[in-house]
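**Q** make a model of this:
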Amino acid sequence: MLTRTRTRIGGPPADTRTRTGALLLTASLLLTACAGPSASVNPDPPPPTTPPNSAPLVPAGPVLNRLADTLADAPADNTRGPYQYVERRTWYRRIIGSPGPAGWPERVSVDQLWRTDDAADGRLVSVDVSGGTCTPDGGSGTWTGQTGDRFDQPPPSQPAALRTHLLLTAGPGENHPQHVVGGIAMLYERHAPTRPVRAAVLRLLAEQPGLLAQTGVTDRIGRPGIDVILPYTSRSGVPRHDILTIDEHSGALLAAYSAITGPIPPQDPRLGPDYPATIIADAAGYRLYVDSRRTPNTHTPAPGCQHPSLQPGAGQHLAAASGDSARLGPRPPGPLLAPRSGR
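**A** Okay, the predicted model is just below:
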């Protein structure tokens, strides 16, 4: 059984789905005041202030269209096998009870998914690598897509058709740029897109109003890329950026996160005194797309704690990466894909 949860990238939910008992896309804390379409997306937002020595923020359309015209190969283009393989690493705040003096504890998880193109067969393995250790994290076993779920079928390679595909699970009115951005992040959690699909993703992003681009950035493990940034204000009045980091050569998605970019306005007191802290913690998620290719079987690469980079002690670099510097001024937690919270 596949259950679906609408989420916004990184904080309040973009589009994510969870499998009962074996979570590939773990459920986010549903922040009712922040969920749903944003109050506004400025089609011509003022460029945010950037830190010294960083590339300027520019309209994303021309940058993305140029990249779509010159895409290099990604592993999904030149690997072979009956299975698509995607590996995601997620930093999230474990929101349970009230925050302590240091806030809610941060966790780091790794999800590995093998799946056939038709989603009829597959495998999911999830582990926790917080604190330099590797332990099973509730998800390990067979995986199959939901019968009739069109999102699990091969994505189209034309921008208009791809937009429809990405919004298959969207609710009424959920067809704004932030829902497209969230759908792209979700796409990379279920598919290993080949060059035609990656080009369509870039051209679809280029069509979205209000997107900015910043070149010369890196993700948390140092891979060079381009940040595609969507500024908007949530329905509860919280200013945010949803951000996709895209490989500067292949156009593959490297990371997805969000940032709260201004003060959080007063919230309904009925939500409780911890609610503003919850908004910040829920926006603190960061999703790193480590691998996206085809494999010959569901044991390649090695699953779970057998994975060479996930051996006890080897995961320490993952936790250390959570302290990387911000690229858009102070980098508060990021709301792109819903982080794993309340586990």
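**Q** low-confidence stretches in the stretch 201-343 of the chain?
**A** 268, 271, 281, 311-343 (pLDDT under 70).
**Q** strands of that one, start to end?
**A** Here the stretch 201-343 of the chain has its strands, by DSSP state E, counting those that start in this stretch, at 212-218, 224-233, 239-247, 253-260, 286-295.
**Q** possible to save those strands as TSV with distance to Ala200?
**A** From N, CA and C alone the C-beta is placed, and that goes for glycine too. Shown next, in TSV, are the strands of the stretch 201-343 of the chain (distance: least, Cβ to Cβ, whole Å):
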stretch	distance to Ala200
strand 212-218	18
strand 224-233	15
strand 239-247	13
strand 253-260	13
strand 286-295	16
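**Q** quick check: which of those is buried the most?
**A** Compared across those, strand 253-260 shows the largest average neighbour count, a mean of 28 (mean count of other Cβ atoms under 10 Å).
**Q** ok so, going back, closest one to Ala302 among the strands of the stretch 201-343 of the chain?
**A** Closest to Ala302 of the strands of the stretch 201-343 of the chain, according to Cβ to Cβ: strand 286-295, at 11.0 Å.
**Q** partners of the closest one, with directions?
**A** When pairing is defined by DSSP bridges, strand 286-295 lines up against strand 83-93 (antiparallel), strand 253-260 (antiparallel).
**Q** Serialize those strands to CSV and add fields for distance to Thr133.
**A** Putting the strands paired with strand 286-295 into CSV (distance: least, Cβ to Cβ, whole Å) gives the following:
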stretch, distance to Thr133
strand 83-93, 15
strand 253-260, 23
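**Q** of all the strands of the stretch 201-343 of the chain, which one comes closest to His191?
**A** Minimum separation from His191 across those (Cβ to Cβ) falls at strand 286-295, 8.1 Å.
**Q** for that closest one, list the C-alpha coordinates in PDB.
**A** This file holds the C-alpha atoms of strand 286-295, laid out as PDB (Å, rounded to 0.1, in the frame of the first residue of the first chain):
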ATOM      1  CA  TYR A 286      18.400  19.100   3.300                       C
ATOM      2  CA  ARG A 287      18.100  16.300   0.700                       C
ATOM      3  CA  LEU A 288      21.200  15.100  -1.200                       C
ATOM      4  CA  TYR A 289      20.700  13.000  -4.300                       C
ATOM      5  CA  VAL A 290      23.900  10.900  -4.200                       C
ATOM      6  CA  ASP A 291      23.300   8.300  -6.900                       C
ATOM      7  CA  SER A 292      21.000   7.900  -9.900                       C
ATOM      8  CA  ARG A 293      21.700   5.200 -12.500                       C
ATOM      9  CA  ARG A 294      20.800   1.700 -13.700                       C
ATOM     10  CA  THR A 295      22.000  -1.500 -12.000                       C
END
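**Q** ok, the residue most central in space within the chain to Asp69 distance?
**A** For the chain, the residue sitting closest to the mean C-alpha position, by Cα atoms, centre = their mean, is Ala256 at 3.7 Å. Distance of Ala256 to Asp69, given as Cβ to Cβ, to the nearest Å: 24 Å.
**Q** now Gly152: how far from Leu124?
**A** In this structure residue 152 is Asp, not Gly. 13 Å.
**Q** so what's Arg123 bridging to?
**A** Beta-bridge partners, per DSSP bridges, of Arg123: Trp114, Thr142.
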